[in-house]
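In: here's my sequence, what's the structure:
(chains A, B, C, D, E and F)
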Number of protein chains: 6
Amino acid sequence: MIFQYENSFDIKEKIQKSSVAILPIGAVEAHGPHLPLGTDNLLADNMATLVAEQTNAFVLPTLPYGQVWSLKNFPGSIHISNEVLIPFIYDIGDSLYRQGFKVFAIINGHLGNSTAIKEAARKLFSDRPDMVVLNLFYPGVKKVIEEVRDSKQVHAEYFHACELETSYMLYLAENYVDMTKALSENPQIPEYADVTPTPWEEFTATAVLGNATLATKEKGKLIVEEAIKNMVNLIEAAKGRGRSN
Amino acid sequence: MIFQYENSFDIKEKIQKSSVAILPIGAVEAHGPHLPLGTDNLLADNMATLVAEQTNAFVLPTLPYGQVWSLKNFPGSIHISNEVLIPFIYDIGDSLYRQGFKVFAIINGHLGNSTAIKEAARKLFSDRPDMVVLNLFYPGVKKVIEEVRDSKQVHAEYFHACELETSYMLYLAENYVDMTKALSENPQIPEYADVTPTPWEEFTATAVLGNATLATKEKGKLIVEEAIKNMVNLIEAAKGRGRSN
Amino acid sequence: MIFQYENSFDIKEKIQKSSVAILPIGAVEAHGPHLPLGTDNLLADNMATLVAEQTNAFVLPTLPYGQVWSLKNFPGSIHISNEVLIPFIYDIGDSLYRQGFKVFAIINGHLGNSTAIKEAARKLFSDRPDMVVLNLFYPGVKKVIEEVRDSKQVHAEYFHACELETSYMLYLAENYVDMTKALSENPQIPEYADVTPTPWEEFTATAVLGNATLATKEKGKLIVEEAIKNMVNLIEAAKGRGRSN
Amino acid sequence: MIFQYENSFDIKEKIQKSSVAILPIGAVEAHGPHLPLGTDNLLADNMATLVAEQTNAFVLPTLPYGQVWSLKNFPGSIHISNEVLIPFIYDIGDSLYRQGFKVFAIINGHLGNSTAIKEAARKLFSDRPDMVVLNLFYPGVKKVIEEVRDSKQVHAEYFHACELETSYMLYLAENYVDMTKALSENPQIPEYADVTPTPWEEFTATAVLGNATLATKEKGKLIVEEAIKNMVNLIEAAKGRGRSN
Amino acid sequence: MIFQYENSFDIKEKIQKSSVAILPIGAVEAHGPHLPLGTDNLLADNMATLVAEQTNAFVLPTLPYGQVWSLKNFPGSIHISNEVLIPFIYDIGDSLYRQGFKVFAIINGHLGNSTAIKEAARKLFSDRPDMVVLNLFYPGVKKVIEEVRDSKQVHAEYFHACELETSYMLYLAENYVDMTKALSENPQIPEYADVTPTPWEEFTATAVLGNATLATKEKGKLIVEEAIKNMVNLIEAAKGRGRSN
Amino acid sequence: MIFQYENSFDIKEKIQKSSVAILPIGAVEAHGPHLPLGTDNLLADNMATLVAEQTNAFVLPTLPYGQVWSLKNFPGSIHISNEVLIPFIYDIGDSLYRQGFKVFAIINGHLGNSTAIKEAARKLFSDRPDMVVLNLFYPGVKKVIEEVRDSKQVHAEYFHACELETSYMLYLAENYVDMTKALSENPQIPEYADVTPTPWEEFTATAVLGNATLATKEKGKLIVEEAIKNMVNLIEAAKGRGRSN
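Out: Numbering: from 1, shown residues only, chains lettered A, B, ... in the order given. Coordinates of the predicted model:
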């Protein structure tokens, strides 16, 4: 169910049967020495494929550029501003609506995209009230993470190129991980980073937030499978729920 | 030289050595029964890879959504407006400049993106005068096309899902072509289509503009190799030329 | 140190001595039967006064309108979109910079404003690199809340017109609270509310998220004083830190 | 009838009975040594209260920031550009309409806001044709001013921190006036100031345009009461008139 | 000195000698039965020619479309919104600056354009500080009007297709006036028209505000020559004054 | 049928009878030593008059400023960006629709305006589906040009101040041509000019692309009359076709 490999003669009927389009969205961003710049794209894309299989959904081509303000000064990062990203996602959603989709599920591999996705989803909510837009960033994994992680959390909200994300990659895209280069970093994130714009070069030279050497495929499997299960459930519920005004 | 598979520790030095980034850009758009919706993405992506090999360039992730106004009412098409596409391309270019690239080569698989690319290139020209932006859509293939095509040209300026584009696909992405479904169409494009907005459903039900059954891999090879040769030359010249103000 | 009560002959020198401007920002929004529509304004304004006293800062006039998308369909709510709120905050900050302030501390009484403040702060960070912008929403109160709250948390991220916010009001603006009308509500926030735009009328008729009857002035004092202490520290640190572009 | 002190349970019915919302709008701007920076806010806010009493209207929180281009380089001024102010006023009006108000009366204390209010009012006129937007800046006071003023008018159109405005303050917010510092200035406004952008620092160092020492509370009373009477009449007429398309 | 009749080989040196560009701007708008829709264009264009002769200035092509909100529902009116008109005037001014002009004098034949011209002038003032932008709408004619007019003024601020404007046309573009159709109208402009958006169809069916039958060429001559004299003086002063930062 | 010379009392009925409005659009741009800066305005305006005579159409005032990016650094050029030009044309079209026109024919004298016209036309197509917008730039003249031209074509797509354009001027506006200054130039346009932003000063000092000395009135007549015939036919067809959704 790869959308772009379908042809225009068959797709209309298939859309009516499926009703769900999944957009993987990631970023090109520094992820330390052991993970590739496209880590968030690989994660989003592979999760989307797994979710699509269980929900009879179409996977759209990955939108591979995102909002990476915090790391934009690191080598390799490509930054799209929210002002630009919001209407781009909106336009995709608007076309999907016109094509007959009822659920637009965005599987996001990069936390920095959350604001843009949320804003675009709200605009679509107003303009296309009978389509459900889902903003999915590893939903419902808090508990399983607490169980499997061995390293201490560096920051309350974000994780990056660490035990967790490296584990996800080992499970979803192992060929792109070089564990021999994995680092254990303990950056001191200043308290002000939560209350004032703080590019990450102020507290890390590697972009690794924690101990990537503790990552394992098994940990990744446990967390990602929980995320996938929850995404599947949210999509199935959205299919049934629909919206009526 | 796939940019997103590189890591942030190595990339800085590699950018300095390469100096060229290639962005493939395509679209999701109806291409008849024998070609997939993502035809323009596949073409742009594969040409980019071939060009990169000869120019020591990095290939960025394909931007897989484009401006498809003319076909936006066909099944499967996803349309991004120029107002949104222009700043998106600009932001990518601006990041590439900050990352140290000197040449930003956009290999475009879809004619409808030309306006947006041109506008973004002009803005980058003003703001980043020492980076060269190349807008590459099968440059310099007019003569070879005249030699190899067997069908009559349906329209002076655009071609679509026809002998030509199907041949390109047979050469670059044969697995995604189903020649058993290829059509020969002879749409009567009204004269006014050149002077007033005219969605293509006004003159074609298939989105095939011409005789796709005449497509061959060999024809595709001849034209695409000419395009690639010219793109390589333009990139090499841009490296040398640079810009100085 | 109420900025708008100063006169233009004295203010220049005073700004140089103080260097800190505090902008209270709130909203006009439904807060149940026991709290006024302007609750967030009263909270922000009163906290700003207390913080200013300890930091030799100027308190600007409260910006009394904010982003209240989630509750905009409730009686009394006035909604400003992020697209409008962001440049408004930016313009204030830009003028403050031109006036000579070195620290622009935004004390926010309404979670819904966070995105706009963050975006404006990032733009100011780029354009005015030697001014520190602080985005202050009850910083560092997680622990004290866990100690004082008697009711269960209704949602992981947001609180509204509940034990907590009502306690803040009892401490900071007691005259505007009518505890005889306080409600105890236990809304079932659907799981999808975290992943899809969900106006609050879908799960509450009162806009009270929890048990407001458990609110006390003492609880409010403990939490608010912790927040104030942290805000004072963050401002003092910002004064010293400055930025050097 | 202070809007933000109402609660969301009662407000719906009250809006239906009242039907009129008054938005005071002022500015933070240099007003010489004897008047505070927030002069226009104090004037707008106090007039709004007096008008509301006679029209059964709700007073919204004062929007305390305005367009002060001409004086933006004076100490203490905070400038909001028209591009930002227009949609902000629009958003407030749009929410008021959704809340059920039929008359949106803007009482403006600062001439510089007039353009933004007029533009916002026109947009609301198109989009919300059955709501009346009133743009009220001391309406109908020309005659009484001619009778009471003792100083010569410095400029045909604008007055500032002078006999008139100081008198208004003495009547409406006496506690914030320091008449011992009142100046008598006679700036020579160059003829070109009416035809080319001319920041006021080109012709005044004090921002006082005229003889503030002649201000009296009685003069303020006569003019302000005339303005209030006219505002009340305009609001009452608007209630009755409504709009029907 | 018609700018568009010059050629690019000679113009550079001529600009340096002249230093002044005049932009006539008018509108296409209903002006009753006796005056043409392009009245404001004809007035602006002819005044510009007369002013240019006395100031060694270049006359640019007339911008013949303006902001006509108030009359946009009348037959023949073409309305450009301020949001569009402002940057258009700005772009012209910016090019003139790059071409070497020191004074950009806008001779405006239509009051409704004033806001857009003022906003564009302020932006140019910021970005191009050493160019003077003049916003000229019949400057300094108040006294002579009081002397020559025989009819009562219908409105304090605006005049339209009346004794005055018809007289201007008789002096400047007599061939386009049909005095046999001139009307004498006495519209009752409602008081609220000054405080709320009020399209003119609410109080006039003809768009004639007053007694056009009293118009004479001689009256037009007296007023227009005064305006021209003042415009010439303002331009000469601007040449000498320049701006220095 | 000059629109701006009509009056508002007669125009409504006349619009109903005519149904077609023609907007000439040109530019102020360097055209060498023998042609004036306003060449494109003169061409568009004169062609519009000839076309209007044969189609019972109204000619609107010429929009005399256009997008001249490529030549904006040449003496005398005035450049309007596409972002500004697009909504300006849109606003004109929107007013024409409200006035009752069914066909909005844009006769363009400057290739650089094509993008803006096309974009505006598409927006009008969406918003005003029952009005036809025609984008007319010398339609259908390819064959006759091949027959009459004596000089070699300098570039595949654009011509400028050359044998062709000078011939058009000799036919349409002979008084503004100075053939004694006509040049024969053979600029070497670099190959990269087609793929990267290239201001024309990089390859020409005169802005003359070819041999203007070969221009004749007769050549101009043959080509322009063909263009006019085709424009007349396209307008007549548009009248009959209309649009129905």
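In: can you tell me which residues in chain A are near chain F?
Out: On the criterion CB under 8 Å from any CB of the partner chain, chain F has no neighbours in chain A. C-betas here are computed from N, CA, C, even on glycine.
In: let me know the outermost residue of chain A.
Out: Computed with CA atoms, centre = their mean, the maximum C-alpha offset from the centroid of chain A is found at residue A:9, amounting to 31.0 Å.
In: surely that residue is in contact with residue B:32?
Out: Yes. Using CB atoms under 8 Å as the test, residue A:9 is close enough to residue B:32 to be in contact (7.3 Å).
In: just the element for the closest residue to chain D within chain A, please.
Out: Proximity of chain A to chain D (CB to the nearest CB) peaks at residue A:126, 12.5 Å away. With secondary structure defined by DSSP states H and E, residue A:126 is part of helix A:114-127.
In: what packs against that helix?
Out: Contacts defined by 3 or more CB pairs under 8 Å, 6 or more residues apart in numbering or on different chains; DSSP states H and E place helix A:114-127 against helix A:82-99, strand A:103-108, strand A:132-136, helix C:114-127.
In: please compute how far that helix lies from its chain's middle.
Out: Helix A:114-127 sits 16 Å away from the centroid of its parent chain (CA atoms, centre = their mean, to the nearest Å).
In: residues touching that helix, excluding its own?
Out: Residues from elsewhere that reach helix A:114-127 (CB atoms under 8 Å, 6 or more residues apart in numbering or on different chains): A:25, A:66-67, A:82, A:85-87, A:89-90, A:93-94, A:97, A:104, A:106, A:108, A:131, A:133, A:135, A:137, C:69, C:82, C:115, C:118-119, C:196-197.
In: tally of neighbours for the closest residue to residue A:53 other than its chain neighbours?
Out: Excluding its sequence neighbours, the residue lying closest to residue A:53 (CB to CB, 6 or more residues apart in numbering or on different chains) is residue A:1, at 7.7 Å. Using other CB atoms under 10 Å in any protein chain shown, residue A:1 has 17 other residues around it.
In: go ahead and confirm residue A:1 touches residue A:58.
Out: Yes. Between residue A:1 and residue A:58 there is a contact under CB under 8 Å: 5.1 Å.
In: just to revisit the earlier point, so how far is residue B:214 from the residue farthest from the centre of chain A?
Out: 20 Å (CB to CB, to the nearest Å).
In: what does the longest helix along chain A rub up against?
Out: Secondary structure of chain A per DSSP state H: the longest helix is helix A:217-241. Contacts of helix A:217-241 with the rest of the structure, by CB under 8 Å, 6+ apart, involve A:19-20, A:47, A:50-51, A:54-55, A:57, A:102-103, A:105, A:107, A:132, A:134, A:136, A:138-141, A:144-145, A:147-149, A:163-164, A:166-172, A:174, C:191-192, C:195-196.
In: cool, and stretch A:201-212?
Out: Contacts of stretch A:201-212 (CB under 8 Å, 6+ apart): A:30-35, A:71, A:73-74, A:150-155, A:158-164, A:166, A:182-190, A:193, A:200, B:8-9.
In: take these and keep only those in helices.
Out: Using DSSP H, the subset of the contacts of stretch A:201-212 located in helices is A:163, A:164, A:166.
In: between those, which is closest to chain F?
Out: residue A:166 (40.9 Å).
In: could you measure from the closest residue to that closest one other than its chain neighbours over to chain B?
Out: Nearest residue to residue A:166 in three dimensions, chain neighbours excluded: residue A:215, at 3.4 Å (CB to CB, 6+ apart). To chain B, residue A:215 is 15 Å away according to CB to the nearest CB, to the nearest Å.
In: got the phi/psi numbers for residue A:215?
Out: Main-chain dihedrals, residue A:215, degrees, to the nearest 10: phi -70, psi 140.
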